[in-house]
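J.: here is the input, now give the coordinates:
(chains A, B, C, D, E and F)
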There are 4 protein chains.
Amino acid sequence: MCARRRDAEGTAATRATRRAELLSAIAEVFADRGYAATTVREAAEAAGILGGSLYYHFDSKESMVDEVLSTFLNEMWGDYDKVLASGMDATATLRALVASSFKSIERHRAAVVIYQNESKHLAQNERFGYLTESQRRFESTWKGLLAQGVEEGALRSDLNTGLIYRFIRDTVWVAASWYQPGGRLDAEEIAQQYLAMVLEGIQANQHPAT
Amino acid sequence: MCARRRDAEGTAATRATRRAELLSAIAEVFADRGYAATTVREAAEAAGILGGSLYYHFDSKESMVDEVLSTFLNEMWGDYDKVLASGMDATATLRALVASSFKSIERHRAAVVIYQNESKHLAQNERFGYLTESQRRFESTWKGLLAQGVEEGALRSDLNTGLIYRFIRDTVWVAASWYQPGGRLDAEEIAQQYLAMVLEGIQANQHPAT
Amino acid sequence: MCARRRDAEGTAATRATRRAELLSAIAEVFADRGYAATTVREAAEAAGILGGSLYYHFDSKESMVDEVLSTFLNEMWGDYDKVLASGMDATATLRALVASSFKSIERHRAAVVIYQNESKHLAQNERFGYLTESQRRFESTWKGLLAQGVEEGALRSDLNTGLIYRFIRDTVWVAASWYQPGGRLDAEEIAQQYLAMVLEGIQANQHPAT
Amino acid sequence: MCARRRDAEGTAATRATRRAELLSAIAEVFADRGYAATTVREAAEAAGILGGSLYYHFDSKESMVDEVLSTFLNEMWGDYDKVLASGMDATATLRALVASSFKSIERHRAAVVIYQNESKHLAQNERFGYLTESQRRFESTWKGLLAQGVEEGALRSDLNTGLIYRFIRDTVWVAASWYQPGGRLDAEEIAQQYLAMVLEGIQANQHPAT
DNA sequence: CATGAATGAGTATTCATTCAT
DNA sequence: TATGAATGAATACTCATTCAT
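T.: Prediction:
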């Protein structure tokens, strides 16, 4: 911490790393205490520096959440897009998206919690227009998928897809609020259980073979 | 003091009514913008009075949420207790509880949203110990019910009841965040669709009779 | 309290009495908690009515202290003037004034405490100009008396009369802060002890006969 | 953190100095206008900074008075204890304590005024328990001393020591309210005049040698 | 006369942000 | 890069005062 020998060499890389470190700590606190309720001082303290020092790295508190959320969403949509581009049928795609979502939660738990809790409020701000955009894309993707599933005969036609969409969306993301990275359950298992419930239901009788 | 018997009653009733009016408006704003992010001024404005005037009715901002949440929880547990006392089998009880929950959302939408978004933070405060208590009771009730369902052979035994409990809990309550009282969907319908999904699953093939 | 039979008759007297009652209670609270630190609500409560109701009797909080203080000062100066007009020598006058002061404390304890604690601040306000005026009169009266005593050979000439004046003034009035009306000590006794100390000193040896 | 040894010391010293500077200005305003009646803004302004900035240095308005008063009392009792430990006879001790008191007033005028005016109210607060404690110690010290003086034959036995204690206590401290540091009179002179009055009295005749 | 609800200016306190070092 | 002191706008809360009933 005292003598920084390698300064010359890794400037860019080091800087990016440091930034990521800071953001990770900051995200954790925002997720834990809420964005509005967290003071910059607390966020800085979690990152091991003093309040004022954060302003060397970020323009404002807002740009901190911004970076946390946009980083997460970019990565998440990258994964989603791969799945969607692979041309699977509706059920398989749905399974893959759910699995991908839980993996996102595993990697970006704090970001997901923040997204879940704050995006409604933040979205009022023009700067966070991408949140609304993401929401919209999310909705059309899932609703389209459910409709396609019904069309393909894979999903029940007596369900209100609008409602089902909401239930699926909420349960997937809300899991971030109780998920413990490194705990007993990993993303894969959670995805399996979730898919079992949503696809097959939790009732016993009607499952002849499974 | 002199022959004002009717006044006393009338005043008490009026007072309680006014209080409820105010609380309803306040709850709406807290739900909409978040407890921490809502200023007392905004809350008061929503109630049609000035910021300081709220303090004639309530001790503090905290006691406002307190009253909103405790009123809701008391009523909700009242309903739950009736269901639980009626001695139905696990599946019927589960159905009834879900229906009751959605009815709670219909009546106390704002309170449920606040409960969902803020109880984690508020619960740190001793004053809101009842939130933790409620959480605990909720968990044991639902987990017990799921276990009983499995025992009775009504529910699949290959599911992780801990996980399923979380999914059910979250999806039920999170519905408050998009429910529009007086909108197209009423609590009953939502409950039916939700139960259909969770109990029977959304896949088509496995439902012999449908 | 309900049926006020004698309303017609004693209007003026009743009113004055009520006013005095209220003022007495108010003075007590102001003395106890300090003028600035006492709320009108507290003052009213001590008088057995609600905050707003005090405004039927008084224009403002300020006019309450005003009336308390001016009533006290008027009476006190009335007594002082009688003493000063009686043509006694310096020592006798001094004794009589001290005795009169302690009697004032006995009758207007609360007012004296308020006078002691608040007059400095209140005097900034033009309305309370009479406080400054009273102070001035007080100072010239006592200083004159001390000078006269020295001249008459009754008082030591090696003392700084300015300082002695301050000591006497302060100790007399500050007694109000611990005086308990109806307690073991009455005004007379206190005056005697005080005069003994100030006139003769507390040392033993030098008092040959007394 | 890196070879900043001198900094650490320097900073600590600077900090303490700044704190003392601020407290001195704050004490002056509290003494002048009264603790309750002084706004934090006024206190800050007197210190040359803005209201909010005071909170970088102090937790609350309360902790400002707290520090002012405890600092004063600690130093005062330090001086008192030295006097009391020196084994002088009652009269000499009494003289020394009075002198020490007036020196305290010279050094901590503002603190003494605050102590005098506010300690009764502040003492209700548990945090200021040390005020009550100090009061108690003060009383027992002085009463003991007076009793001892009577026993030693140095003080008159026909006086009510309880009363005399109060008179002495009050006059000593109340002097802070008119004392002008740097004015014509210094602490020493005031103490002499005061002791002359209290010990020997202000009457001329009874002093054989004077 | 008294009440109770409301007002609005003010108060202590918090906190994002700045900046000289 | 980081610190620490300061800023200033905003926030929860208080309280003297008003007024319809």
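J.: distance between whichever helix in chain A runs longest and the chain's centre?
T.: In chain A, taking DSSP state H as the definition, the longest helix is helix A:90-122. Centroid displacement of helix A:90-122 relative to its chain, using CA atoms, centre = their mean, to the nearest Å, is 4 Å.
J.: and residue A:173, what does it touch?
T.: Shown in contact with residue A:173 (CB atoms under 8 Å, 6 or more residues apart in numbering or on different chains): A:101, A:105, A:112, A:115-116. For the C-beta atoms, the positions are set from N, CA and C on the backbone; glycine is no exception.
J.: rerun at 10 Å
T.: A:101-102, A:104-105, A:112-113, A:115-116, A:138, B:170, B:174 (CB atoms under 10 Å, 6 or more residues apart in numbering or on different chains).
J.: how is chain A partitioned into domains?
T.: A:9-58, A:60-210 (automatic domain parsing).
J.: so which elements touch the longest helix of chain A?
T.: helix A:11-33, helix A:61-85, helix A:129-151, helix A:161-174, helix A:187-195, helix B:5-33, helix B:90-122 (3 or more CB pairs under 10 Å, 6 or more residues apart in numbering or on different chains; DSSP states H and E).
J.: run the contact check for it versus DNA strand E.
T.: No - if you take CB under 7 Å from any atom of the strand as the test, helix A:90-122 misses DNA strand E, and the best it gets is 13.3 Å.
J.: pLDDT of that helix, averaged?
T.: In this model, helix A:90-122 has a mean pLDDT of 95.
J.: can you give me the buried ones in that helix?
T.: Residues A:90-91, A:93-106, A:108-122 are the ones in helix A:90-122 that count as buried (16 or more other CB atoms under 10 Å in any protein chain shown).
J.: what angle separates it from helix A:187-195?
T.: 100 degrees (axes from the mean of the first three to the mean of the last three CA atoms, to 10 degrees).
J.: now helix A:90-122 against helix A:129-151, angle please.
T.: Going by the same axes, to 10 degrees, helix A:90-122 makes 150 degrees with helix A:129-151.
J.: three-state assignment of residue A:197?
T.: When classified by DSSP: H, G, I helix; E, B strand; the rest coil, residue A:197 comes out as helix.
J.: list the contacts of it.
T.: A:171, B:156, B:159-160, B:163-164, B:167-168, B:171, B:197-199, B:201-202.
J.: report the buried members of those.
T.: Neighbour-count burial (16+ other CB under 10 Å) applied to those gives A:171, B:156, B:159-160, B:163-164, B:167-168, B:171, B:197-199, B:201-202.
J.: can you name the two of those residues that are farthest apart?
T.: B:160 and B:202 (19.4 Å; CB to CB).
J.: centroid-nearest residue for chain A?
T.: residue A:112 (3.7 Å; CA atoms, centre = their mean).
J.: looks like that residue contacts residue A:75 (just checking).
T.: No - under the criterion of CB atoms under 10 Å, residue A:112 makes no contact with residue A:75, lying 11.2 Å away.
J.: between the two, which contacts overlap?
T.: With CB under 10 Å, 6+ apart as the test, residue A:112 and residue A:75 both reach residue A:104.
J.: let's see the pLDDT reported for the residue of chain A at minimum distance from DNA strand F.
T.: Per CB to the nearest atom of the strand, residue A:52 is where chain A lies closest to DNA strand F, at 2.4 Å. What the model reports as pLDDT for residue A:52 is 93.
J.: mind listing what the residue nearest to it when sequence neighbours are not counted touches?
T.: When the adjacent residues along the chain are set aside, residue A:52 lies closest to residue A:44, with 7.9 Å between them (CB to CB, 6 or more residues apart in numbering or on different chains). For residue A:44, the contacting residues are A:22, A:25-26, A:29, A:50-55, A:57, by CB under 10 Å, 6+ apart.
J.: need the buried ones from the residues you listed selected in PyMOL.
T.: Buried residues among the contacts of residue A:44 (16+ other CB under 10 Å), as a PyMOL selection:
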select buried, chain A and resi 22+25+26+29+54+57
